[in-house]
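1. Make a model of this:
(one chain, ligands or ions: 3)
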Amino acid sequence: MPDKIQANAAAMPGFGAAIAVRIEQLARISEDAAKLTRLFLTPQHREAAELILSWMREAGMAAHLDAIGNVVGRYEGSAPRLQALLLGSHYDTVCDAGKWDGPLGIITAIACVAELNRRRKRLPFAVEVIGFADEEGVRFASTLLGSRAVAGSFNERVLDGRDRDGISLREAMLRFGLDPERIGAAARARKEFLAYLELHIEQGPVLEAEGVAVGVVSAISGATRLNITLTGMAGHAGTVPMAMRRDALTGAAECVLAIEAQCRGDLGLFGTVGYLKADPGASNVIPGRVTFTIDMRCASDEHRHLAVATAVKTIEHIAAERRLEPQIEVTHEGRTVACAPWLQAQISEAIARSGIAPRALPSGAGHDGMAVADITDIGMIFVRCRGGLSHHPDEHVMLEDADTGARVLLDFIENFRDGRRKPKE
Ligand code: GLV
Ligand code: MN
Ligand code: MN
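-> Ligands and ions are numbered 1, 2, ... in the order given. Next up is the predicted model:
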(Lines give C-alpha, C1' and ligand atoms only; values in the text may rest on other atoms or scores of the structure.)
(Ligands and ions follow the chains in the order given, each with its own letter.)
Protein backbone atom coordinates (compact mmCIF):
# COMPACT_ATOMS: atom_id res chain seq x y z
CA MET A 1 0.00 0.00 0.00
CA PRO A 2 1.48 3.40 -0.89
CA ASP A 3 3.06 4.95 2.22
CA LYS A 4 1.58 8.35 1.39
CA ILE A 5 -1.99 7.07 1.66
CA GLN A 6 -1.19 5.24 4.91
CA ALA A 7 0.31 8.43 6.31
CA ASN A 8 -2.68 10.51 5.18
CA ALA A 9 -5.03 7.98 6.75
CA ALA A 10 -3.28 8.38 10.07
CA ALA A 11 -3.10 12.17 9.84
CA MET A 12 -6.60 12.85 8.62
CA PRO A 13 -9.56 11.92 10.77
CA GLY A 14 -12.83 11.14 9.03
CA PHE A 15 -13.84 8.67 6.40
CA GLY A 16 -11.91 9.72 3.29
CA ALA A 17 -8.43 8.50 4.06
CA ALA A 18 -9.62 5.25 5.67
CA ILE A 19 -11.72 4.57 2.57
CA ALA A 20 -8.71 5.21 0.33
CA VAL A 21 -6.62 2.71 2.33
CA ARG A 22 -9.22 0.00 1.69
CA ILE A 23 -9.50 0.99 -1.97
CA GLU A 24 -5.75 0.33 -2.25
CA GLN A 25 -6.05 -2.97 -0.37
CA LEU A 26 -8.74 -4.26 -2.73
CA ALA A 27 -6.90 -2.96 -5.80
CA ARG A 28 -3.91 -5.13 -4.93
CA ILE A 29 -6.08 -8.21 -5.49
CA SER A 30 -5.72 -8.61 -9.24
CA GLU A 31 -5.23 -11.36 -11.83
CA ASP A 32 -2.44 -9.29 -13.31
CA ALA A 33 0.41 -7.90 -11.20
CA ALA A 34 0.84 -4.87 -13.49
CA LYS A 35 -2.80 -3.80 -13.69
CA LEU A 36 -6.13 -4.22 -11.95
CA THR A 37 -8.29 -6.97 -13.45
CA ARG A 38 -10.61 -8.92 -11.16
CA LEU A 39 -13.20 -10.86 -13.11
CA PHE A 40 -16.21 -12.76 -11.81
CA LEU A 41 -15.48 -16.13 -10.12
CA THR A 42 -11.69 -16.05 -10.44
CA PRO A 43 -9.46 -16.91 -7.44
CA GLN A 44 -8.79 -13.16 -7.01
CA HIS A 45 -12.51 -12.49 -6.97
CA ARG A 46 -12.79 -15.01 -4.15
CA GLU A 47 -9.92 -13.38 -2.26
CA ALA A 48 -11.60 -9.97 -2.57
CA ALA A 49 -14.88 -11.46 -1.30
CA GLU A 50 -13.13 -12.82 1.79
CA LEU A 51 -11.56 -9.43 2.50
CA ILE A 52 -14.91 -7.63 2.20
CA LEU A 53 -16.56 -10.25 4.44
CA SER A 54 -13.91 -9.57 7.08
CA TRP A 55 -14.57 -5.80 6.87
CA MET A 56 -18.31 -6.40 7.23
CA ARG A 57 -17.83 -8.53 10.35
CA GLU A 58 -15.44 -5.98 11.83
CA ALA A 59 -18.18 -3.35 11.29
CA GLY A 60 -20.64 -5.37 13.38
CA MET A 61 -22.48 -7.15 10.59
CA ALA A 62 -23.42 -10.79 10.18
CA ALA A 63 -21.93 -11.59 6.78
CA HIS A 64 -21.99 -14.42 4.26
CA LEU A 65 -21.31 -15.25 0.62
CA ASP A 66 -24.59 -15.92 -1.19
CA ALA A 67 -25.40 -18.50 -3.86
CA ILE A 68 -24.02 -16.44 -6.80
CA GLY A 69 -20.97 -15.04 -4.97
CA ASN A 70 -22.39 -11.76 -3.69
CA VAL A 71 -21.01 -10.68 -0.33
CA VAL A 72 -23.94 -9.91 1.99
CA GLY A 73 -23.70 -8.17 5.37
CA ARG A 74 -26.53 -7.33 7.75
CA TYR A 75 -26.61 -4.85 10.62
CA GLU A 76 -29.73 -5.44 12.66
CA GLY A 77 -32.03 -2.61 13.60
CA SER A 78 -33.57 -1.90 16.98
CA ALA A 79 -35.44 -5.23 16.77
CA PRO A 80 -34.65 -8.46 14.95
CA ARG A 81 -35.90 -9.19 11.41
CA LEU A 82 -36.86 -5.61 10.50
CA GLN A 83 -37.08 -4.57 6.86
CA ALA A 84 -33.72 -3.41 5.55
CA LEU A 85 -32.34 -0.38 3.81
CA LEU A 86 -30.07 -2.02 1.24
CA LEU A 87 -26.75 -0.40 0.29
CA GLY A 88 -24.17 -1.72 -2.10
CA SER A 89 -22.12 -1.76 -5.26
CA HIS A 90 -19.94 -4.31 -7.08
CA TYR A 91 -16.51 -5.84 -6.50
CA ASP A 92 -15.73 -7.21 -9.97
CA THR A 93 -13.79 -4.96 -12.37
CA VAL A 94 -13.23 -4.43 -16.07
CA CYS A 95 -9.80 -5.34 -17.53
CA ASP A 96 -7.08 -2.83 -16.61
CA ALA A 97 -9.60 -1.10 -14.38
CA GLY A 98 -9.61 1.88 -12.07
CA LYS A 99 -9.72 1.21 -8.35
CA TRP A 100 -12.89 3.12 -7.46
CA ASP A 101 -15.61 1.84 -9.79
CA GLY A 102 -17.65 -0.42 -7.52
CA PRO A 103 -15.43 -0.75 -4.43
CA LEU A 104 -16.10 2.87 -3.39
CA GLY A 105 -19.80 2.09 -2.84
CA ILE A 106 -19.13 -1.08 -0.85
CA ILE A 107 -16.33 0.36 1.28
CA THR A 108 -18.27 3.57 2.01
CA ALA A 109 -21.41 1.64 3.00
CA ILE A 110 -19.36 -0.54 5.36
CA ALA A 111 -17.69 2.58 6.81
CA CYS A 112 -21.14 4.06 7.57
CA VAL A 113 -22.30 0.87 9.30
CA ALA A 114 -19.02 0.72 11.25
CA GLU A 115 -19.69 4.27 12.46
CA LEU A 116 -23.24 3.36 13.58
CA ASN A 117 -21.81 0.30 15.33
CA ARG A 118 -19.08 2.38 17.01
CA ARG A 119 -21.79 4.64 18.43
CA ARG A 120 -23.88 1.56 19.32
CA LYS A 121 -26.67 3.12 17.32
CA ARG A 122 -29.53 0.92 16.15
CA LEU A 123 -32.05 2.26 13.67
CA PRO A 124 -35.74 1.48 13.31
CA PHE A 125 -34.76 -0.64 10.29
CA ALA A 126 -31.92 -3.02 9.46
CA VAL A 127 -29.09 -1.98 7.14
CA GLU A 128 -27.79 -4.51 4.63
CA VAL A 129 -24.71 -4.07 2.46
CA ILE A 130 -24.19 -6.17 -0.65
CA GLY A 131 -20.99 -6.38 -2.63
CA PHE A 132 -22.40 -7.56 -5.95
CA ALA A 133 -20.32 -10.25 -7.64
CA ASP A 134 -20.72 -9.31 -11.28
CA GLU A 135 -21.81 -5.93 -12.49
CA GLU A 136 -19.36 -5.39 -15.32
CA GLY A 137 -20.23 -8.59 -17.19
CA VAL A 138 -16.76 -8.86 -18.70
CA ARG A 139 -16.22 -12.59 -18.27
CA PHE A 140 -19.50 -14.07 -19.48
CA ALA A 141 -20.74 -11.22 -21.72
CA SER A 142 -24.01 -10.99 -19.76
CA THR A 143 -23.95 -8.30 -17.11
CA LEU A 144 -25.56 -7.67 -13.66
CA LEU A 145 -25.39 -11.38 -12.80
CA GLY A 146 -25.02 -10.78 -9.04
CA SER A 147 -27.83 -8.26 -8.70
CA ARG A 148 -30.12 -10.21 -11.04
CA ALA A 149 -29.76 -13.25 -8.80
CA VAL A 150 -30.77 -11.10 -5.82
CA ALA A 151 -33.73 -9.67 -7.75
CA GLY A 152 -34.83 -13.16 -8.80
CA SER A 153 -34.39 -12.32 -12.49
CA PHE A 154 -31.27 -14.40 -13.18
CA ASN A 155 -31.53 -16.00 -16.61
CA GLU A 156 -30.52 -19.67 -16.28
CA ARG A 157 -29.53 -19.75 -19.96
CA VAL A 158 -26.47 -17.66 -19.09
CA LEU A 159 -25.09 -20.67 -17.20
CA ASP A 160 -24.08 -22.21 -20.52
CA GLY A 161 -22.32 -19.03 -21.68
CA ARG A 162 -18.54 -19.43 -21.95
CA ASP A 163 -15.65 -17.14 -21.19
CA ARG A 164 -12.83 -16.54 -23.68
CA ASP A 165 -11.02 -19.65 -22.43
CA GLY A 166 -14.09 -21.80 -23.11
CA ILE A 167 -15.05 -22.20 -19.43
CA SER A 168 -18.81 -22.09 -18.90
CA LEU A 169 -20.39 -20.06 -16.11
CA ARG A 170 -21.64 -23.36 -14.68
CA GLU A 171 -18.08 -24.74 -14.51
CA ALA A 172 -16.69 -21.48 -13.14
CA MET A 173 -19.25 -21.52 -10.31
CA LEU A 174 -18.34 -25.09 -9.38
CA ARG A 175 -14.63 -24.19 -9.35
CA PHE A 176 -15.41 -21.21 -7.12
CA GLY A 177 -17.28 -23.50 -4.72
CA LEU A 178 -20.84 -22.48 -5.68
CA ASP A 179 -23.65 -24.75 -6.82
CA PRO A 180 -25.21 -23.55 -10.11
CA GLU A 181 -28.40 -25.43 -9.24
CA ARG A 182 -28.85 -23.25 -6.16
CA ILE A 183 -28.72 -19.75 -7.68
CA GLY A 184 -32.37 -19.31 -6.71
CA ALA A 185 -31.28 -19.23 -3.07
CA ALA A 186 -29.71 -15.78 -3.65
CA ALA A 187 -33.11 -14.28 -4.56
CA ARG A 188 -34.63 -11.89 -2.06
CA ALA A 189 -38.24 -10.87 -1.60
CA ARG A 190 -39.64 -7.37 -2.09
CA LYS A 191 -40.99 -7.38 1.46
CA GLU A 192 -37.45 -7.66 2.88
CA PHE A 193 -36.37 -4.19 1.71
CA LEU A 194 -37.34 -0.56 2.18
CA ALA A 195 -35.12 0.76 -0.62
CA TYR A 196 -31.75 0.34 -2.33
CA LEU A 197 -29.13 3.05 -2.34
CA GLU A 198 -25.81 2.95 -4.16
CA LEU A 199 -22.95 5.40 -3.88
CA HIS A 200 -20.71 5.30 -6.97
CA ILE A 201 -18.15 7.44 -8.73
CA GLU A 202 -19.76 9.56 -11.42
CA GLN A 203 -17.57 8.14 -14.23
CA GLY A 204 -18.20 11.35 -16.18
CA PRO A 205 -17.15 15.01 -16.03
CA VAL A 206 -20.31 16.87 -14.92
CA LEU A 207 -19.70 17.21 -11.15
CA GLU A 208 -16.08 18.24 -11.67
CA ALA A 209 -17.09 20.85 -14.25
CA GLU A 210 -19.62 22.28 -11.81
CA GLY A 211 -17.23 22.19 -8.86
CA VAL A 212 -19.33 19.94 -6.62
CA ALA A 213 -18.20 16.81 -4.78
CA VAL A 214 -21.45 14.84 -4.92
CA GLY A 215 -24.69 14.70 -6.89
CA VAL A 216 -28.00 12.86 -6.94
CA VAL A 217 -28.77 10.48 -9.81
CA SER A 218 -32.09 10.89 -11.62
CA ALA A 219 -32.05 7.75 -13.81
CA ILE A 220 -29.76 5.04 -15.20
CA SER A 221 -29.66 4.71 -18.99
CA GLY A 222 -30.62 1.41 -20.55
CA ALA A 223 -28.16 -0.68 -22.54
CA THR A 224 -28.05 -3.48 -25.08
CA ARG A 225 -25.01 -5.65 -25.63
CA LEU A 226 -24.54 -7.85 -28.69
CA ASN A 227 -22.03 -10.48 -29.73
CA ILE A 228 -21.46 -10.55 -33.48
CA THR A 229 -19.65 -13.26 -35.42
CA LEU A 230 -18.87 -12.80 -39.11
CA THR A 231 -17.75 -15.92 -40.91
CA GLY A 232 -15.98 -15.74 -44.26
CA MET A 233 -13.22 -17.94 -45.60
CA ALA A 234 -9.66 -18.16 -44.36
CA GLY A 235 -7.00 -18.52 -47.06
CA HIS A 236 -3.47 -17.74 -48.16
CA ALA A 237 -2.52 -14.07 -47.92
CA GLY A 238 -0.31 -14.30 -50.97
CA THR A 239 -2.48 -16.19 -53.42
CA VAL A 240 -6.19 -15.33 -53.14
CA PRO A 241 -6.96 -12.33 -55.39
CA MET A 242 -8.38 -9.36 -53.48
CA ALA A 243 -11.71 -9.44 -55.32
CA MET A 244 -12.25 -13.13 -54.52
CA ARG A 245 -11.73 -12.89 -50.77
CA ARG A 246 -14.31 -13.36 -48.05
CA ASP A 247 -12.28 -11.50 -45.42
CA ALA A 248 -14.20 -11.39 -42.14
CA LEU A 249 -11.97 -8.71 -40.64
CA THR A 250 -12.40 -6.12 -43.38
CA GLY A 251 -16.15 -6.78 -43.08
CA ALA A 252 -16.01 -6.26 -39.30
CA ALA A 253 -13.98 -3.07 -39.80
CA GLU A 254 -16.71 -1.70 -42.06
CA CYS A 255 -19.32 -2.61 -39.42
CA VAL A 256 -17.34 -0.86 -36.64
CA LEU A 257 -17.08 2.35 -38.68
CA ALA A 258 -20.75 2.18 -39.63
CA ILE A 259 -21.78 1.90 -35.96
CA GLU A 260 -19.56 4.85 -35.08
CA ALA A 261 -21.08 6.93 -37.89
CA GLN A 262 -24.61 5.96 -36.83
CA CYS A 263 -24.06 6.98 -33.20
CA ARG A 264 -22.10 10.13 -34.04
CA GLY A 265 -25.05 11.36 -36.03
CA ASP A 266 -27.52 10.66 -33.25
CA LEU A 267 -27.34 12.84 -30.13
CA GLY A 268 -27.86 10.85 -26.93
CA LEU A 269 -26.84 7.53 -28.48
CA PHE A 270 -23.61 5.79 -27.42
CA GLY A 271 -22.25 2.86 -29.41
CA THR A 272 -18.99 1.06 -28.61
CA VAL A 273 -17.15 -1.89 -30.08
CA GLY A 274 -14.92 -2.77 -27.12
CA TYR A 275 -13.76 -6.23 -28.13
CA LEU A 276 -12.79 -7.71 -31.47
CA LYS A 277 -10.97 -10.97 -32.26
CA ALA A 278 -9.87 -12.23 -35.67
CA ASP A 279 -9.29 -15.93 -36.36
CA PRO A 280 -7.09 -17.69 -37.10
CA GLY A 281 -4.98 -14.59 -36.31
CA ALA A 282 -1.78 -14.83 -38.35
CA SER A 283 -0.20 -12.18 -40.55
CA ASN A 284 -0.15 -14.44 -43.63
CA VAL A 285 -3.69 -15.80 -43.32
CA ILE A 286 -6.88 -14.06 -44.49
CA PRO A 287 -9.11 -13.76 -41.40
CA GLY A 288 -11.89 -16.32 -41.81
CA ARG A 289 -13.86 -15.44 -38.73
CA VAL A 290 -14.23 -12.36 -36.54
CA THR A 291 -16.09 -11.95 -33.28
CA PHE A 292 -16.85 -8.53 -31.87
CA THR A 293 -19.13 -6.94 -29.29
CA ILE A 294 -21.42 -3.92 -29.51
CA ASP A 295 -22.53 -1.92 -26.46
CA MET A 296 -25.38 0.46 -27.30
CA ARG A 297 -26.81 2.91 -24.76
CA CYS A 298 -29.39 5.66 -24.64
CA ALA A 299 -31.59 7.29 -22.00
CA SER A 300 -34.65 6.50 -24.13
CA ASP A 301 -35.40 2.78 -24.45
CA GLU A 302 -37.45 3.29 -27.61
CA HIS A 303 -34.62 5.23 -29.24
CA ARG A 304 -32.11 2.52 -28.25
CA HIS A 305 -34.27 -0.29 -29.61
CA LEU A 306 -34.59 1.51 -32.94
CA ALA A 307 -30.84 2.17 -33.02
CA VAL A 308 -30.02 -1.49 -32.31
CA ALA A 309 -32.40 -2.59 -35.09
CA THR A 310 -30.69 -0.15 -37.49
CA ALA A 311 -27.23 -1.42 -36.49
CA VAL A 312 -28.31 -5.03 -37.01
CA LYS A 313 -29.68 -4.21 -40.47
CA THR A 314 -26.43 -2.44 -41.37
CA ILE A 315 -24.35 -5.43 -40.26
CA GLU A 316 -26.54 -7.82 -42.24
CA HIS A 317 -26.23 -5.60 -45.30
CA ILE A 318 -22.43 -5.34 -45.05
CA ALA A 319 -22.16 -9.09 -44.50
CA ALA A 320 -24.32 -9.83 -47.56
CA GLU A 321 -22.27 -7.48 -49.75
CA ARG A 322 -19.09 -9.24 -48.65
CA ARG A 323 -20.45 -12.79 -48.75
CA LEU A 324 -19.99 -13.22 -45.00
CA GLU A 325 -22.31 -15.11 -42.69
CA PRO A 326 -23.45 -13.00 -39.77
CA GLN A 327 -24.46 -14.44 -36.42
CA ILE A 328 -25.97 -11.86 -34.09
CA GLU A 329 -26.73 -12.58 -30.44
CA VAL A 330 -28.15 -10.20 -27.81
CA THR A 331 -26.23 -10.93 -24.61
CA HIS A 332 -27.66 -8.18 -22.42
CA GLU A 333 -30.75 -6.03 -22.44
CA GLY A 334 -31.36 -3.54 -19.64
CA ARG A 335 -34.11 -0.92 -19.66
CA THR A 336 -33.64 2.65 -18.47
CA VAL A 337 -34.46 2.80 -14.76
CA ALA A 338 -35.58 5.94 -12.95
CA CYS A 339 -34.38 6.63 -9.44
CA ALA A 340 -37.38 6.95 -7.09
CA PRO A 341 -38.35 10.63 -6.63
CA TRP A 342 -38.76 10.17 -2.85
CA LEU A 343 -35.23 8.77 -2.57
CA GLN A 344 -33.88 11.55 -4.80
CA ALA A 345 -35.55 14.04 -2.43
CA GLN A 346 -34.00 12.49 0.70
CA ILE A 347 -30.57 12.26 -0.95
CA SER A 348 -30.87 15.92 -2.01
CA GLU A 349 -31.76 16.90 1.57
CA ALA A 350 -28.65 15.07 2.86
CA ILE A 351 -26.49 16.77 0.21
CA ALA A 352 -27.94 20.17 1.11
CA ARG A 353 -27.23 19.56 4.82
CA SER A 354 -23.58 19.00 3.87
CA GLY A 355 -23.55 22.52 2.44
CA ILE A 356 -23.64 21.54 -1.23
CA ALA A 357 -26.36 22.63 -3.64
CA PRO A 358 -27.98 19.37 -4.82
CA ARG A 359 -27.35 18.69 -8.49
CA ALA A 360 -29.37 15.96 -10.24
CA LEU A 361 -27.79 14.13 -13.17
CA PRO A 362 -28.51 10.97 -15.14
CA SER A 363 -26.13 8.01 -15.26
CA GLY A 364 -24.91 6.89 -18.67
CA ALA A 365 -23.09 3.99 -17.01
CA GLY A 366 -24.92 0.86 -15.87
CA HIS A 367 -25.32 -0.05 -12.21
CA ASP A 368 -26.65 -2.89 -10.08
CA GLY A 369 -29.68 -0.76 -9.25
CA MET A 370 -31.01 -1.55 -12.74
CA ALA A 371 -31.61 -5.12 -11.57
CA VAL A 372 -32.45 -4.34 -7.93
CA ALA A 373 -35.21 -1.97 -9.15
CA ASP A 374 -37.30 -5.10 -9.82
CA ILE A 375 -37.70 -5.67 -6.08
CA THR A 376 -37.36 -2.24 -4.45
CA ASP A 377 -37.13 1.49 -5.18
CA ILE A 378 -33.61 2.66 -5.96
CA GLY A 379 -31.55 5.81 -5.45
CA MET A 380 -27.94 6.74 -6.20
CA ILE A 381 -25.35 9.22 -4.97
CA PHE A 382 -22.57 10.13 -7.39
CA VAL A 383 -19.12 11.19 -6.19
CA ARG A 384 -16.95 13.39 -8.41
CA CYS A 385 -13.98 11.68 -10.06
CA ARG A 386 -10.89 13.27 -11.57
CA GLY A 387 -11.25 14.30 -15.20
CA GLY A 388 -14.48 12.30 -15.42
CA LEU A 389 -12.22 9.31 -16.08
CA SER A 390 -13.39 5.74 -15.44
CA HIS A 391 -12.77 2.22 -16.80
CA HIS A 392 -9.17 3.41 -16.90
CA PRO A 393 -6.28 2.84 -14.47
CA ASP A 394 -6.00 6.60 -13.78
CA GLU A 395 -9.52 6.73 -12.34
CA HIS A 396 -9.26 8.75 -9.13
CA VAL A 397 -11.35 10.26 -6.34
CA MET A 398 -9.97 12.90 -4.00
CA LEU A 399 -9.96 11.85 -0.33
CA GLU A 400 -12.05 14.92 0.55
CA ASP A 401 -14.69 13.84 -1.96
CA ALA A 402 -14.72 10.27 -0.67
CA ASP A 403 -15.15 11.79 2.78
CA THR A 404 -18.02 14.02 1.66
CA GLY A 405 -19.69 11.06 -0.05
CA ALA A 406 -19.51 9.00 3.14
CA ARG A 407 -20.86 11.83 5.29
CA VAL A 408 -23.78 12.36 2.92
CA LEU A 409 -24.52 8.62 2.86
CA LEU A 410 -24.41 8.39 6.66
CA ASP A 411 -26.63 11.45 7.01
CA PHE A 412 -29.06 9.90 4.49
CA ILE A 413 -29.14 6.62 6.45
CA GLU A 414 -29.68 8.30 9.81
CA ASN A 415 -32.49 10.48 8.47
CA PHE A 416 -34.07 7.83 6.26
CA ARG A 417 -37.88 7.73 6.23
CA ASP A 418 -39.94 5.20 4.32
CA GLY A 419 -41.43 7.26 1.50
CA ARG A 420 -42.72 4.44 -0.68
CA ARG A 421 -46.06 4.98 -2.34
CA LYS A 422 -48.59 2.83 -0.52
CA PRO A 423 -50.52 0.43 -2.76
CA LYS A 424 -54.12 1.58 -3.38
CA GLU A 425 -56.70 -0.04 -1.07
C1 GLV B 1 -20.55 -0.71 -16.19
O2 GLV B 1 -19.69 -0.02 -15.71
C3 GLV B 1 -21.17 -0.35 -17.43
O4 GLV B 1 -21.79 0.72 -17.48
O5 GLV B 1 -20.99 -1.07 -18.40
MN1 MN C 1 -19.55 0.39 -11.52
MN1 MN D 1 -17.73 -0.22 -14.46
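
2. can you tell me the residue of the stretch 101-250 of the chain closest to ligand 1?
-> Closest contact between the stretch 101-250 of the chain and ligand 1, by CB to the nearest ligand atom, is at E136 (5.4 Å). Just so you know, the C-beta spots here come from the backbone N, C-alpha and C atoms, and that holds for glycine as well.

3. give me every residue that touches that residue.
-> Contacts for E136 (CB atoms under 8 Å, 6 or more residues apart in numbering) come out as 39-40, 90, 92-94, 102, 143.

4. pLDDT at it, what is it?
-> In the prediction, the pLDDT value recorded for E136 is 96.

5. for D3, same thing?
-> On pLDDT, D3 comes in at 48.

6. got it, and R421?
-> The score at R421 is 80. That number is its pLDDT.

7. And for L269?
-> Per-residue confidence at L269 stands at 95 (pLDDT).

8. for A253, same thing?
-> Per-residue confidence at A253 stands at 98 (pLDDT).

9. May I have the phi/psi pair for it?
-> phi -60, psi -40 (degrees, to the nearest 10).

10. Point out the residues in the stretch 101-250 of the chain that sit beside ligand 2.
-> By CB under 5 Å from the ion, the part of the stretch 101-250 of the chain that sits against ligand 2 consists of 101-102.

11. the helices in the stretch 101-250 of the chain, which residues?
-> Secondary structure of the stretch 101-250 of the chain (DSSP state H, counting those that start in this stretch): helices at 103-118, 145-151, 169-176, 206-210, 248-264.

12. Including mean neighbour count, could those go into a markdown table?
-> Shown next, in a markdown table, are the helices of the stretch 101-250 of the chain (neighbours: other CB atoms under 10 Å):
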| stretch | mean neighbour count |
| --- | --- |
| helix 103-118 | 24 |
| helix 145-151 | 27 |
| helix 169-176 | 18 |
| helix 206-210 | 15 |
| helix 248-264 | 19 |
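
13. could those be laid out in a markdown table, adding distance to ligand 1?
-> Formatted as a markdown table, the helices of the stretch 101-250 of the chain follow (distance: least, CB to the nearest ligand atom, whole Å):
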| stretch | distance to ligand 1 |
| --- | --- |
| helix 103-118 | 12 |
| helix 145-151 | 12 |
| helix 169-176 | 18 |
| helix 206-210 | 16 |
| helix 248-264 | 16 |
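
14. Let's have those in CSV, adding distance to A34.
-> Written out in CSV, the entries for the helices of the stretch 101-250 of the chain read as follows (distance: least, CB to CB, whole Å):
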stretch, distance to A34
helix 103-118, 19
helix 145-151, 27
helix 169-176, 24
helix 206-210, 28
helix 248-264, 28
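
15. who wins for proximity to Q44 among the ones you listed?
-> Between Q44 and these, the shortest separation by CB to CB is 11.3 Å, and it involves helix 169-176.

16. That closest one - contacts with which helices or strands?
-> Taking 3 or more CB pairs under 8 Å, 6 or more residues apart in numbering; DSSP states H and E as the contact definition, helix 169-176 has no neighbouring helices or strands.

17. Mind telling me what element G60 is part of?
-> If you go by DSSP states H and E, G60 is not part of any helix or strand.

18. Tell me, how many residues neighbour it?
-> 17 (other CB atoms under 10 Å).

19. Can you tell me, leaving aside adjacent residues, what's nearest to it?
-> N117 (3.4 Å; CB to CB, 6 or more residues apart in numbering).

20. got a pLDDT number for the one you found?
-> Per-residue confidence at N117 stands at 98 (pLDDT).
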